[in-house]
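Participant: The sequence and its predicted three-dimensional model are supplied below.
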Amino acid sequence: GAVVSQHPSRVICKSGTSVKIECRSLDFQATTMFWYRQFPKQSLMLMATSNEGSKATYEQGVEKDKFLINHASLTLSTLTVTSAHPEDSSFYICSAPRGTEQYFGPGTRLTVT
Amino acid sequence: AQSVAQPEDQVNVAEGNPLTVKCTYSVSGNPYLFWYVQYPNRGLQFLLKYITGDNLVKGSYGFEAEFNKSQTSFHLKKPSALVSDSALYFCAVRDGGGGGFKTIFGAGTRLFVKA
């Protein structure tokens, strides 16, 4: 079946640094990918839609300059958290659609110290 | 705009008893409805979906859900709960009438199955 991977699975960074998270569709191409954020014991909040070859579409309230998204190829989207702060600590999950299905990555746990 | 409501933060059930996790939705077009399960520090696992056809959808691990258009509901059910079913369950909706693949999730319901 279709698989979506994320790298890294866990990352700890210092406040003020930037962190890049990769999302890959392993056996299918995805012109669109989605980035979600999940706080502890809360639901997934859609942050943005990553579009191959064009700019990402951000949800209301999400800072596009802070959460940089690049959809470099049909199998790779990256989310860069710039100038990270402790409040950016969260579980980030990407997904890629195929047909009527949505395939989710395993998530990346970001901790900003 | 599409939205999903899961009215219960937590559901407690004894092992062997039937379970129901509730979900109601709102979309402007045709609803594509999904249930996912999440274990601690893990990603989402797909359980089942409704796109069209039979209102009763059967999914993974013995779960099923019934699409009720008049009540705009898509409750998750299982005839006999297992302790291993204890997890966080999310209902999700997508607007199949041109809303693209943008999927909105409910707040989640934590299921506790007691032995």
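Facilitator: Arrived safely. Numbering: from 1, shown residues only, chains lettered A, B, ... in the order given.
Participant: show me where pLDDT drops low in chain A?
Facilitator: Along chain A, the model assigns pLDDT under 70 to residues A:1-2.
Participant: now with 90?
Facilitator: A:1-3, A:27, A:39-44, A:53-54, A:72, A:97-103 (pLDDT under 90).
Participant: Quick check: chain neighbours aside, which residue is closest to the residue nearest the centre of it?
Facilitator: Geometric centre of chain A, nearest residue: A:W35, 3.9 Å, by Cα atoms, centre = their mean. Spatial nearest neighbour of A:W35, excluding adjacent residues (Cβ to Cβ, 6 or more residues apart in numbering or on different chains): A:M47 at 4.6 Å. Where you see a C-beta, it was placed from the backbone N, CA and C, and this is true even at glycine.
Participant: wait, isn't that neighbour in contact with A:V62?
Facilitator: Yes: using Cβ atoms under 8 Å, A:M47 is in contact with A:V62, at 5.0 Å.
Participant: more neighbours, these two?
Facilitator: A:M47 (24 against 17; other Cβ atoms under 10 Å in any protein chain shown).
Participant: neighbours around A:S83, how many?
Facilitator: The burial count for A:S83: 11, using other Cβ under 10 Å.
Participant: Please, which helix or strand holds the residue nearest to A:W35?
Facilitator: strand A:44-51 (DSSP states H and E).
Participant: So what's the residue count around residue 60?
Facilitator: Went with chain A since none was named. Around A:Q60 there are 4 residues (other Cβ under 10 Å).
Participant: wrong chain, I was asking about chain B
Facilitator: 11.
Participant: Residues of chain B that sit close to chain A?
Facilitator: B:32, B:34, B:36, B:41-44, B:46, B:49, B:51, B:90, B:94, B:100-108, B:110 (Cβ under 8 Å from any Cβ of the partner chain).
Participant: and the residues you listed, which are buried?
Facilitator: B:32, B:34, B:36, B:43-44, B:46, B:49, B:51, B:90, B:94, B:101-108, B:110 (16 or more other Cβ atoms under 10 Å in any protein chain shown).
Participant: in the strand or helix carrying B:V13, what counts as buried?
Facilitator: Here B:V13 is covered by strand B:10-14, with elements defined by DSSP H and E. Under the neighbour-count criterion of 16+ other Cβ under 10 Å, strand B:10-14 has B:V11, B:V13 buried.
Participant: Check stretch A:45-62 too.
Facilitator: Per 16+ other Cβ under 10 Å, stretch A:45-62 contains these buried residues: A:M45, A:L46, A:M47, A:A48, A:T49, A:S50, A:E52, A:A56, A:T57, A:Y58, A:V62.
Participant: And those, which two are furthest apart?
Facilitator: The most widely separated members of the buried residues of stretch A:45-62, counting by Cβ to Cβ, are A:M45 and A:E52 (22.7 Å).
Participant: Show me the shaky parts of chain B.
Facilitator: Those would be B:1-3, B:27-31, B:39-46, B:51-53, B:94-104, if you go by pLDDT under 90 across chain B.
Participant: What are the boundaries of the strands in it?
Facilitator: Along chain B, the stretches classed as strands by DSSP state E are B:3-5, B:10-14, B:19-21, B:24-26, B:31-38, B:44-50, B:56-58, B:64-68, B:73-78, B:87-95, B:103-105, B:109-114.
Participant: okay, those strands in JSON lines with distance to A:Y103 next?
Facilitator: Formatted as JSON lines, the strands of chain B follow (distance: least, Cβ to Cβ, whole Å):
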{"stretch": "strand B:3-5", "distance to A:Y103": "19"}
{"stretch": "strand B:10-14", "distance to A:Y103": "27"}
{"stretch": "strand B:19-21", "distance to A:Y103": "22"}
{"stretch": "strand B:24-26", "distance to A:Y103": "21"}
{"stretch": "strand B:31-38", "distance to A:Y103": "11"}
{"stretch": "strand B:44-50", "distance to A:Y103": "8"}
{"stretch": "strand B:56-58", "distance to A:Y103": "19"}
{"stretch": "strand B:64-68", "distance to A:Y103": "20"}
{"stretch": "strand B:73-78", "distance to A:Y103": "20"}
{"stretch": "strand B:87-95", "distance to A:Y103": "13"}
{"stretch": "strand B:103-105", "distance to A:Y103": "11"}
{"stretch": "strand B:109-114", "distance to A:Y103": "22"}
